[in-house]
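[1] One predicted model, sequence on top.
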Amino acid sequence: MRHFDLCVIGSGSGNSVIDDAMDGWSVAMVEAGTFGGTCLNVGCIPTKMYVYPADLAASPQQAKELGVDLELVDVRWPDIRDRIFGRIDPISSGGRDWRAGRPNVTLYEQRGRFVGDHELLLEARDGHPETTITADRFVLANGSRAVVPPFPGIDAVPYETSDTVMRLDALPRSMVIVGGGYIAAEFAHVFSSYGVQVTIVGRSPQLLSREDAQVSERFTELLGRRVDVRTSTEVQRVDRRPSGDGVVVTARTKEGVESTIEADVLLVATGRTPNADTLDLDRTGVEVDDDGRVVVDSRQRTGVEGIFALGDVSSAHQLKHVANHEARVVKHNLLHPDAMVESDHRYVPHAVFSDPQVAAVGLTEAEAEEQGLDYAVAVQDYGSTAYGWAMGDEDHFVKLVGERGTGRLLGAHLIGPQASSLIQPLIQAMSFGLPAHAMARGQYWIHPAMAEVVENALLALPSSSED
Ligand SMILES: Cc1cc2nc3c(=O)[nH]c(=O)nc-3n(C[C@H](O)[C@H](O)[C@H](O)COP(=O)(O)OP(=O)(O)OC[C@H]3O[C@@H](n4cnc5c(N)ncnc54)[C@H](O)[C@@H]3O)c2cc1C
Ligand SMILES: NC(=O)c1ccc[n+]([C@@H]2O[C@H](COP(=O)([O-])OP(=O)(O)OC[C@H]3O[C@@H](n4cnc5c(N)ncnc54)[C@H](O)[C@@H]3O)[C@@H](O)[C@H]2O)c1
């Protein structure tokens, strides 16, 4: 049985754990799927590569109001798709070849599952015989996968998930998206901008229901102007369309009103579940929580000596920047067992790359209220600052939740153009404990840049003794 100093399971953020400083270690990299993991192959990167052309395709409407007549002549789906994967696929295969070529690394392109605390069975797979390896240290970085709820009829109809929808042969005429979270919001923007008739079926009263209530309400309203949004609506069953292709989704509102939606394509976007269950962790002492996540401490250690976990398999955040942060922590802790560092999960931001964009960090107003904090809220419209006014913006805003007394930010919630970038100074202020007014007045803000909406939101919070 071959023994390694380190075994990493999962080549997403797990791949970046392997460092030059480990050149003297024997390392096993285990990857059952496409090298590079979710973000590169079926997640962040290709989705945003679809979002950017979608932003362009959606611009004629806005331009018209400003006196510029543009016309969307065509969306060449095969060209968009092939440009995206023509760039991504070589990065994945190049990364694979580079990693496999490292003299101290053995790449096993097989599914791994534990048969003991430090013993991993690699399942047989075309050309790769079953084998068992042992290692002193393991890193569980095997991510999450799309969940498909057992809607009646689902097994008898064709459906897509985020894993498959980006490689469709042709742009459909219509699409029904089940789910009201990140993936639904981003793909609704992409496909509707490309001219597809999109219907979203969401069971919550608002889309993006985990956002601050004011943001999710506004987002639902704005996306609803371009897409048929059905909220508080549950799928009852799905059937094949009588014509043979496509689907019919039967849905019912909370009030009991039933409707059917016919579409060429059904996209299921109802969340992701950690892949911990694929590892047979019950054969080890590694603990898994009620949500199926590997339990780790602040140093990313499981309860078993030498076994670490990171990213979607152990994190509630399911975000690439979190997986990358945790990978840096694991790398450090593997190399410096006597001087371990902790992950910093205090202010984890996120952004939804839809239209409008949404970005947030920290507490929502409801969470500040629930926690009994002494807080104040400031809401600043984009249109109240010069750039937003020049754009004629009437829909978007920055909402800040600040702590009275200290003047520190508790949360920031943005909905509107460039929200994913505008939020960055607010993340910085929270991370470094900068009070709102000190941050607003302690630096220049370029006039008349869009960032003035952030400056004005900060100034709209009450000042404090620390400012
Ligand atoms: C459509 C979509 C868009 C997204 N967009 C964003 C975004 O814009 N920003 C953002 O921050 N996050 C985004 N995410 C989330 C982000 O992709 C994930 O949080 C991140 O990729 C998780 O990284 P990871 O290293 O934990 O796991 P992964 O990258 O998923 O890597 C896990 C790897 O482990 C392999 N594996 C699983 N089980 C086994 C096993 N038993 N044996 C061997 N190998 C195994 C898998 O094949 C996979 O390659 C998006 C996700 C999706 C689905
Ligand atoms: N921009 C980004 O950072 C980005 C983009 C895409 C995905 N992601 C990550 O990927 C994860 C998965 O995305 P997602 O949109 O699938 O998940 P999500 O958790 O954001 O949303 C899931 C949605 O499905 C609904 N749902 C769940 N079970 C259902 C059921 N049985 N019937 C009907 N509706 C149901 C939920 O109410 C929710 O609206 C996200 O949590 C996120 O972390 C991130």
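    Done, it's in. Residues are numbered from 1 along each chain as shown. Ligands and ions are numbered 1, 2, ... in the order given.
[2] pretty sure Ala188 contacts Ser354?
    Yes - here Ala188 lies in contact with Ser354, judged by C-beta atoms under 8 Å, at a distance of 6.8 Å. Using the backbone N, CA and C atoms, a C-beta is placed for each residue, glycine as well.
[3] shared neighbours, these two?
    Leu223 (C-beta atoms under 8 Å, 6 or more residues apart in numbering).
[4] So which residues on the stretch 151-300 of the chain come close to ligand 1?
    Proximity of the stretch 151-300 of the chain to ligand 1 (C-beta under 6 Å from any ligand atom) is limited to residues 162, 183, 275, 278-279.
[5] May I ask which two of those are separated the most?
    Spatially, the most separated pair among those is Ile183 and Leu279, at 24.6 Å (C-beta to C-beta).
[6] what's the burial count for His396?
    By the measure other C-beta atoms under 10 Å, the count of residues near His396 is 23.
[7] List the residues that contact it.
    218, 356, 381-383, 388, 414-417, 419.
[8] Just the ones in strands from the residues you listed, please.
    381, 414-415 (DSSP state E).
[9] Tell me the one of those residues nearest Gln214?
    Distances from Gln214 to the ones in strands among the contacts of His396, taken as C-beta to C-beta, are shortest for Ile415 (8.5 Å).
[10] Give me the neighbour count for Gly244.
    6.
[11] roughly how far apart are it and ligand 2?
    26 Å (C-beta to the nearest ligand atom, to the nearest Å).
[12] and that residue, helix, strand or coil?
    coil (DSSP: H, G, I helix; E, B strand; the rest coil).
[13] State the pLDDT value of it.
    The per-residue pLDDT reported for Gly244 equals 85.
[14] near ligand 2, which residues of the stretch 351-467 of the chain?
    Going by C-beta under 6 Å from any ligand atom, the residues of the stretch 351-467 of the chain near ligand 2 are 351-353.
[15] Same check on the chain?
    Residues of the chain lying near ligand 2 (C-beta under 6 Å from any ligand atom): 149, 178-184, 186, 202-204, 235, 269-272, 318-319, 350-353.
[16] are any of those residues buried, and which?
    Among the residues of the chain next to ligand 2, the ones that count as buried by 16 or more other C-beta atoms under 10 Å are 178-184, 186, 202-204, 235, 269-270, 272, 318-319, 350-353.
[17] Pull out the buried residues from the one helix or strand in the chain whose mean pLDDT sits lowest.
    Here the helix or strand of the chain ranked lowest by mean pLDDT, DSSP states H and E is helix 59-65, holding a mean of 94. By 16+ other C-beta under 10 Å, helix 59-65 has no buried positions at all.
[18] ok, now stretch 373-388?
    Result for stretch 373-388 [16+ other C-beta under 10 Å]: buried residues 375-378, 380-385, 387-388.
[19] And for stretch 95-114?
    By 16+ other C-beta under 10 Å, the buried positions in stretch 95-114 come out as 95-96, 99, 105, 107-114.
[20] Extract the C-alpha trace of that stretch and format it as PDB.
    This file holds the C-alpha atoms of stretch 95-114, laid out as PDB (Å, rounded to 0.1, in the frame of the first residue of the first chain):
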ATOM      1  CA  GLY A  95      -3.500  22.800 -14.700                       C
ATOM      2  CA  ARG A  96      -4.000  19.000 -14.500                       C
ATOM      3  CA  ASP A  97      -1.000  18.300 -16.600                       C
ATOM      4  CA  TRP A  98       1.200  20.700 -14.600                       C
ATOM      5  CA  ARG A  99       0.100  19.200 -11.300                       C
ATOM      6  CA  ALA A 100       0.400  15.600 -12.600                       C
ATOM      7  CA  GLY A 101       3.900  16.400 -13.800                       C
ATOM      8  CA  ARG A 102       5.300  17.600 -10.500                       C
ATOM      9  CA  PRO A 103       7.900  15.000  -9.400                       C
ATOM     10  CA  ASN A 104       6.600  14.700  -5.900                       C
ATOM     11  CA  VAL A 105       2.900  14.600  -6.800                       C
ATOM     12  CA  THR A 106       0.800  11.600  -7.800                       C
ATOM     13  CA  LEU A 107      -2.600  12.500  -9.400                       C
ATOM     14  CA  TYR A 108      -5.300   9.900  -8.800                       C
ATOM     15  CA  GLU A 109      -8.300  10.700 -11.100                       C
ATOM     16  CA  GLN A 110     -10.600   8.500  -9.100                       C
ATOM     17  CA  ARG A 111     -13.300   8.900  -6.400                       C
ATOM     18  CA  GLY A 112     -11.800   8.500  -2.900                       C
ATOM     19  CA  ARG A 113     -13.500   7.200   0.200                       C
ATOM     20  CA  PHE A 114     -12.100   6.400   3.600                       C
END
